[in-house]
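Participant: Pasting a predicted model and its sequence here:
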Amino acid sequence: MNTALDEPDPVYALAAAAGVLFAGRRSGLVASGDGRVWTSLPVAPMAGESFSVTALAVAPEEDAVFAGGYGYVARLATDGTPQCVSILPSPSPLVTALVVSPDYVHDGVVLAGTAEDGVFRSIDQGEHWTPWNIGLLDHRISALVLSPAFAVDETVLTATETGIFYSTNGGRSWRMSAFFRESDPVLCLAVSPSSSQDFVVYAGTEGGALLVSQDKGRRWSEIPGVATDDQPINALACVTDTTLVVGLADCLMLIEGVVDLHPHKEINCQSITALTCLVPEPDKIIAIVGSANGQITRLRLR
């Protein structure tokens, strides 16, 4: 099922929570209950003139979704009701990534990655933001992920043009991972849903390399045998610890048994820019795919 809203209107981000899908677009924020019919939500009036939504995140078990764009982060209820908007320091940074603490209801932690100004941190549910870039040698952020055990280990990973950095104090200071691919920007990250503190993390690069770390992002190795044909890996979604959905420029791949690389399934798509997955039943995987040409595609992968 393809849904086009005011094409061309690029889809920059996708997120899902509490039975609601959200898509961040050049024109703003839209929501859907099934991935087929989409309704606009009023982010633009909150954010003034800068209303493109380039990053999304949802608060676990909470009625809140965060949307970021040029110089702002907004918090809305999942029904679209505006709650607050925070303007980031001038000159306005472009928000490229958002993550919300699994213990958000108690610690209020939200992190925002930006295109040139590094990482901003909020401890009051997105009301106020402070830049925290100690040790972060590259401020061009493309992705952020949190440890599933963030409430205990405070581990955060961020992808940049020069490599991957990790933090063990909730994003207040950073160290560079042992990353071996020079001149190959990391575009996306996905963390396994395991609650174990020794979680697995995957990374995709502009040169088409699929990487894995099994020690919280400290060291990385390339997964061989993934036929990307040097296409950029634009999006990743980790469905289980060993089941990964990979979004290339024009192809979606479902890979099962990732570390040992069992045969994978490929589905043709066009201009993939964003990806999220739903698992309504244990043996069913639904992919929601956003594209640069404005389409939002709902696909059953299994």
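Facilitator: Perfect, I can see it now. Numbering: from 1, shown residues only.

Participant: Need the three-state assignment for Ala151.
Facilitator: helix (DSSP: H, G, I helix; E, B strand; the rest coil).

Participant: just for the stretch 151-300 of the chain, where's the confidence low?
Facilitator: By pLDDT under 70, the low-scoring segments of the stretch 151-300 of the chain are 195-197, 258-265.

Participant: What are the boundaries of the strands in it?
Facilitator: Taking DSSP state E, counting those that start in this stretch to define them, one finds strands in the stretch 151-300 of the chain at 156-160, 164-167, 175-176, 186-191, 201-205, 210-213, 221-222, 235-240, 243-247, 251-256, 264-268, 272-281, 284-291, 295-300.

Participant: need those strands in JSON lines with mean neighbour count and distance to Gly19, can you?
Facilitator: Just so you know, the C-beta spots here come from the backbone N, C-alpha and C atoms, and that holds for glycine as well. Formatted as JSON lines, these follow (neighbours: other C-beta atoms under 10 Å; distance: least, C-beta to C-beta, whole Å):
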{"stretch": "strand 156-160", "mean neighbour count": "27", "distance to Gly19": "28"}
{"stretch": "strand 164-167", "mean neighbour count": "24", "distance to Gly19": "32"}
{"stretch": "strand 175-176", "mean neighbour count": "15", "distance to Gly19": "38"}
{"stretch": "strand 186-191", "mean neighbour count": "23", "distance to Gly19": "22"}
{"stretch": "strand 201-205", "mean neighbour count": "25", "distance to Gly19": "26"}
{"stretch": "strand 210-213", "mean neighbour count": "21", "distance to Gly19": "31"}
{"stretch": "strand 221-222", "mean neighbour count": "13", "distance to Gly19": "37"}
{"stretch": "strand 235-240", "mean neighbour count": "22", "distance to Gly19": "18"}
{"stretch": "strand 243-247", "mean neighbour count": "26", "distance to Gly19": "20"}
{"stretch": "strand 251-256", "mean neighbour count": "20", "distance to Gly19": "23"}
{"stretch": "strand 264-268", "mean neighbour count": "13", "distance to Gly19": "24"}
{"stretch": "strand 272-281", "mean neighbour count": "19", "distance to Gly19": "9"}
{"stretch": "strand 284-291", "mean neighbour count": "22", "distance to Gly19": "13"}
{"stretch": "strand 295-300", "mean neighbour count": "19", "distance to Gly19": "14"}
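
Participant: Need those in JSON lines (columns: distance to Thr228).
Facilitator: Below are these laid out as JSON lines (distance: least, C-beta to C-beta, whole Å):
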{"stretch": "strand 156-160", "distance to Thr228": "17"}
{"stretch": "strand 164-167", "distance to Thr228": "18"}
{"stretch": "strand 175-176", "distance to Thr228": "25"}
{"stretch": "strand 186-191", "distance to Thr228": "12"}
{"stretch": "strand 201-205", "distance to Thr228": "9"}
{"stretch": "strand 210-213", "distance to Thr228": "7"}
{"stretch": "strand 221-222", "distance to Thr228": "11"}
{"stretch": "strand 235-240", "distance to Thr228": "12"}
{"stretch": "strand 243-247", "distance to Thr228": "8"}
{"stretch": "strand 251-256", "distance to Thr228": "8"}
{"stretch": "strand 264-268", "distance to Thr228": "11"}
{"stretch": "strand 272-281", "distance to Thr228": "12"}
{"stretch": "strand 284-291", "distance to Thr228": "17"}
{"stretch": "strand 295-300", "distance to Thr228": "19"}
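
Participant: closest one to Glu116 among the ones you listed?
Facilitator: strand 156-160 (10.9 Å; C-beta to C-beta).

Participant: Which neighbouring elements make contact with the closest one?
Facilitator: Judged by 3 or more C-beta pairs under 8 Å, 6 or more residues apart in numbering; DSSP states H and E, strand 156-160 is in contact with strand 141-146, strand 164-167, strand 186-191.

Participant: got the CA coordinates for the second one in CSV?
Facilitator: Below are the C-alpha coordinates for strand 164-167, written out as CSV (Å, rounded to 0.1, in the frame of the first residue of the first chain):
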residue,chain,number,x,y,z
ILE,A,164,30.7,6.2,16.1
PHE,A,165,30.9,7.7,19.6
TYR,A,166,29.6,6.3,22.8
SER,A,167,28.7,7.7,26.2
